[in-house]
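**Student:** based on what follows, work out the 3D shape:
(one chain, ligands or ions: 2)
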Amino acid sequence: MGKLVIISGPSGSGKTTVCKLLEKDPHVKKSISVTTRLPRYNEKTGEAYHFVSTREFEEMIRSGELAEYAEYCGYFYGTPVKALKEALMKEGFFLLEIEVQGALQIMEKFPETISIFLLPPDKKTLGRRLAQRKTNKGQDLELRLKVADKELEYKDRYNHCVVNDDLAVTVSTIRKILNLA
Ligand code: ADP
Ligand code: 5GP
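**Tutor:** Ligands and ions are numbered 1, 2, ... in the order given. Predicted structure coming up:
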């Protein structure tokens, strides 16, 4: 049986970076979400996300194709149920890099899920990392920082909280949680 692993945390906490490093292990695979937000300059559809229109997303909700979904900063994000079910039939870990509302839905539907909340070392570092990523500007950056405060209130609902200070330490801590180290 495969195991689901949720990685949540405020925007800029390092989720994508950490998941990419975890995925180097052949036992770890990441779910590809569906979203209505526009691709960033370095994102391709089918890799970072499946990018769809709002109408397509709503159709996926209606036809039960999503295991969970949520709205975040004005866009929809959801986890395709088909790939998730397939992952559960195989050995290994299936990473869900999702925000807190979706995470709560998965925890309820799949109580065996391992949930990890990634924390930035402090708020100043979070702001700096988000700005340095150069993909979120002005209003969007401010909105994401504002939402971060709300997201942090949910950290105690997770099995583990990991502070992402040194990247290598973060990855090895999570690998230990998964018994991969
Ligand atoms: P998220 O997916 O949570 O929004 P990212 O993985 O995009 O966050 O990381 C945000 C920025 O912070 C990126 O520029 C990334 O390279 C950087 N970053 C991530 N983890 C660390 C770390 N431990 N130390 C320094 N910079 C980091
Ligand atoms: P971003 O726009 O930075 O890629 O993602 C914004 C937020 O949406 C992040 O917290 C990310 O983890 C979350 N997210 C990505 N995919 C999904 C998903 O399928 N479902 C939910 N609920 N959140 C997601």
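**Student:** ok, the closest residue to A70 other than its chain neighbours to E59 distance?
**Tutor:** The shortest distance from A70 to any non-neighbouring residue, by CB to CB, 6 or more residues apart in numbering, is to Q101 (3.9 Å). Every C-beta, even on glycine, is put in place using the N, C-alpha and C of the backbone. Distance of Q101 to E59, computed by CB to CB, to the nearest Å: 21 Å.
**Student:** rewinding a little: ok, the residue nearest to A70 touching G78?
**Tutor:** No - contact between Q101 and G78 fails when scored by CB atoms under 8 Å: they sit 10.9 Å apart.
**Student:** so what sits against both of these two?
**Tutor:** A70 (CB atoms under 8 Å, 6 or more residues apart in numbering).
**Student:** of the two, who's got more company?
**Tutor:** When neighbours are counted by other CB atoms under 10 Å, Q101 and G78 differ, and G78 comes out ahead with 23 against 16.
**Student:** right, and that one touches V34 too?
**Tutor:** Yes - with contact defined as CB under 8 Å, G78 counts as touching V34 (4.9 Å).
**Student:** which ones are touching R144?
**Tutor:** Per CB under 8 Å, 6+ apart, neighbours of R144: 10-12, 73, 130, 136.
**Student:** of those residues, which is the nearest to ligand 2?
**Tutor:** S11 (5.1 Å; CB to the nearest ligand atom).
**Student:** can you tell me the SS state at G64?
**Tutor:** coil (DSSP: H, G, I helix; E, B strand; the rest coil).
**Student:** that one contacts V81, correct?
**Tutor:** Yes - with contact defined as CB under 8 Å, G64 and V81 form a contacting pair (7.1 Å).
**Student:** how close does the closest residue in space to V147 that isn't next to it in sequence get to L145?
**Tutor:** Spatial nearest neighbour of V147, excluding adjacent residues (CB to CB, 6+ apart): C73 at 6.4 Å. Distance of C73 to L145, given as CB to CB: 11 Å.
**Student:** neighbour count: those two, which is higher?
**Tutor:** L145 (18 against 15).
**Student:** for L130, see how far away that one is.
**Tutor:** 7 Å.
**Student:** give me the common contacts of the two.
**Tutor:** By CB under 8 Å, 6+ apart, the residues touching both L145 and L130 are S11.
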